[in-house]
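> Predicted model, plus sequence, below.
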Amino acid sequence: MTRLTKILLQGFTPDKIRNFSIIAHIDHGKSTLADRLLEITGTITDREKKEQFLDKLQVERERGITVKAQTASMFYEYKGTMYLLNLIDTPGHVDFNYEVSRSLYACQGAVLLVDAAQGVQAQTMANFYLAFDQDLAIIPMINKIDLPSAQPERVKKELEKLFDFQPDTVICGSAKAAIGMHELLEAIINQIPAPQGNTAGLLKALLFDSWFDEYKGVICLIAVKDGAIRKGDTITLAQAGKDYEVLELGLMYPEQTPLDALYAGQVGYLITGMKTVKEARVGDTLYHAKKPVTPFPGFKPSKPMVFAGIYPVENTEFDMLAEAIEKLTLNDASVHVEKKTSVALGLGFRCGFLGLLHMDVFKQRLEQEYDLSVIITAPSVLYKVRYTNGDLKDIENPSEFPEPQYVDEVLEPMINGTIITPKQYLGPLITLCEKMRGKQIDLSFIEEDRVIVKYKLPLNEVATDFYDQLKTLSSGYASFDYEEAGYEPSELIKMDILLNGKAVDALSIIVHKENSYYVGKEIVGKLRAAIPRQLFEVAVQAAIGAKIIARENISALRKNVTAKCYGGDISRKRKLLEKQKEGKKKMKQIGNIEVPQEAFLTILKKS
């Protein structure tokens, strides 16, 4: 870390700074490319070197995905001039789009990375348009050209057809084998514009990310637009309107390296002793106390798309779960949390996530980092119900669903999905989308054997196992990306599950009218297997309003009351059987059915 102290940051005026991001589809080699750039610029030594250096979380290393955007600064000499390069490594999965858009806000350019074997994928397109909409300079690069299956020429044609990149401007390289790295660094310096900033003006900086550290409190990542920020300064956050003292600041080189000041155009970290991430609103503007500036427009807060209940397996672990969720949300402010009580599962939390992978990663972090066993219920989405009196209400839980006579219409969230697939899998994927009530918007060929299909789909259908089915049907070759497409009216109804005529609130679900019969039949079948036999017959029914649409019977446990009758008159046996029958009838009227937790889980858990 001593290398940094020899370099004075004041000398790096905006024209010698480049802020850039790496964007790509999941698993196209972003983290490996970041590793190589850090090594070549001497930011990390061989002693510090490890795979996926910027992926700090255990879940990121295990799954080979980036969940949280990370920043690292590098120094690179080009034509006798030393440049300061700030790299922001972004996630590649659709669920973390919010992280990507925030990171791009702090950049002037982006490296669009495409796998030489897989070509352009759905998320490549989504990330390209995110960067394009923010007017960033985009450098196309084809990665993994050393693979036996690499087809760089084919990928160049795709990039030209989809994004208008001229083939001679595309850099070909391999992050793993360190091919084309200097060429890329030179392109970053030549093609990405320097940040616009006024070194002599009043301090104005953008807070574009934050996370929580147990020892230092909240750590903010900031991009300084104008002026300079020094240790000991008193700063104000525009949205929060609070004053803080700068306790520490510096560059991520690649770990936190304290310095005395940051200047216009530079990206670094800041510690002010904030206690919660909620104080550090992402998109906020920093300025010197009593020297206000026009704030940045800020970011729209992230909206949860998928809701699920998280419950401890043992009710005694509720306090531990509450503490773990609180700590995790300090590092991931996009999770929406509220306490809930379930008839079946006891005390727990209802959490809103950006998507299914986001939910899965959150659960994995709870289990790995806090050693908890949790039950996560099947994901649901947020519906809007327009009542006959004109009121519009949000509903995410079937138990809140009103009676049909009070409902004017039900609106469900829709998404625009983009699927890129080899053409031999097109038939099964279209069948899957149609089955999920999708409407085809567009179908076009990128080249002879690769197709882009666009569908409008209900989020509710995609929320369970659509992604898994898509990967299974396409042998893993299809890629999927989606964006919100507002709400649309739909024929949705509440289905109740009755046990001996009594509705069990915790088992009711919201379904589409068309699929109700199949869903009802499947659920009563599952319950029949899960509920233990009682001393009386149990009728398991699925009902919509007063109409029963599916039924299964759980036969009674029977004691052989005629066992002691050997020989003698048949009327003796008949009398005993009649007496038993009467007893069963009475028991059925007053008997309570014990529904075990496993029965709830067969429905609540993801199938």
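On my side now, so go ahead. Numbers count the residues shown, from 1 in each chain.

> drop to CA atoms for contacts and neighbour counts, all remaining ones
Fine.

> which outside residues touch stretch 374-389?
Outside stretch 374-389, the residues within contact range by C-alpha atoms under 8 Å, 6 or more residues apart in numbering are 305-313, 363, 367, 392-397, 406-413, 459-460, 463-464, 601, 603-607.

> again with stretch 123-137
Residues external to stretch 123-137 that are found in contact with it (C-alpha under 8 Å, 6+ apart): 23-26, 92-94, 100-101, 104-105, 107-110, 112-114, 138, 191-193, 479-481.

> again, only this time at 6 Å
Outside of stretch 123-137, the residues that reach it under the criterion C-alpha atoms under 6 Å, 6 or more residues apart in numbering are 24-25, 108-109, 192, 481.

> Buried subset of the contacts of stretch 374-389 as a ChimeraX selection?
Here is the ChimeraX command that selects only those of the contacts of stretch 374-389 that count as buried (16 or more other C-alpha atoms under 10 Å):
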select :305,306,307,308,309,310,311,312,363,395,396,397,407,409,410,411,412,413,459,460,463,464,601,603,604
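
> Now do the longest strand belonging to the chain, average pLDDT.
In the chain, ranked by residue count with DSSP state E as the criterion, the top strand is strand 407-422. Averaged across strand 407-422, pLDDT comes to 87.

> Report the backbone C-alpha coordinates of that strand in CSV.
Output of strand 407-422 as CSV, limited to C-alpha atoms (Å, rounded to 0.1, in the frame of the first residue of the first chain):
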residue,chain,number,x,y,z
VAL,A,407,-64.2,-6.7,-6.9
ASP,A,408,-64.5,-4.6,-10.0
GLU,A,409,-61.2,-5.8,-11.6
VAL,A,410,-57.9,-7.3,-10.6
LEU,A,411,-54.6,-6.0,-12.1
GLU,A,412,-51.5,-8.2,-12.2
PRO,A,413,-47.9,-7.1,-12.8
MET,A,414,-46.5,-7.9,-16.3
ILE,A,415,-43.0,-8.2,-17.7
ASN,A,416,-41.5,-7.9,-21.1
GLY,A,417,-39.2,-10.9,-21.4
THR,A,418,-36.4,-11.4,-24.0
ILE,A,419,-35.2,-14.9,-24.7
ILE,A,420,-32.2,-15.6,-26.9
THR,A,421,-32.0,-19.2,-28.0
PRO,A,422,-30.6,-21.6,-30.7
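
> what's that strand packed up against?
Other helices and strands packing on strand 407-422, by 3 or more C-alpha pairs under 6 Å, 6 or more residues apart in numbering; DSSP states H and E, are strand 383-387, strand 450-458, helix 459-462, strand 479-490.

> what sits against the closest residue to Thr234 other than its chain neighbours?
Using C-alpha to C-alpha, 6 or more residues apart in numbering and skipping residues adjacent in sequence, the residue nearest Thr234 is Glu245, 4.5 Å away. With contacts defined as C-alpha under 6 Å, 6+ apart, Glu245 is in contact with 233-234, 272.

> now Ser516
Contact partners of Ser516, counting by C-alpha under 6 Å, 6+ apart, are absent.

> quick revisit: need the phi and psi values for the residue nearest to Thr234.
With angles defined as degrees, to the nearest 10, Glu245 shows backbone torsions of phi -100, psi 140.

> Perfect, I'm done here.
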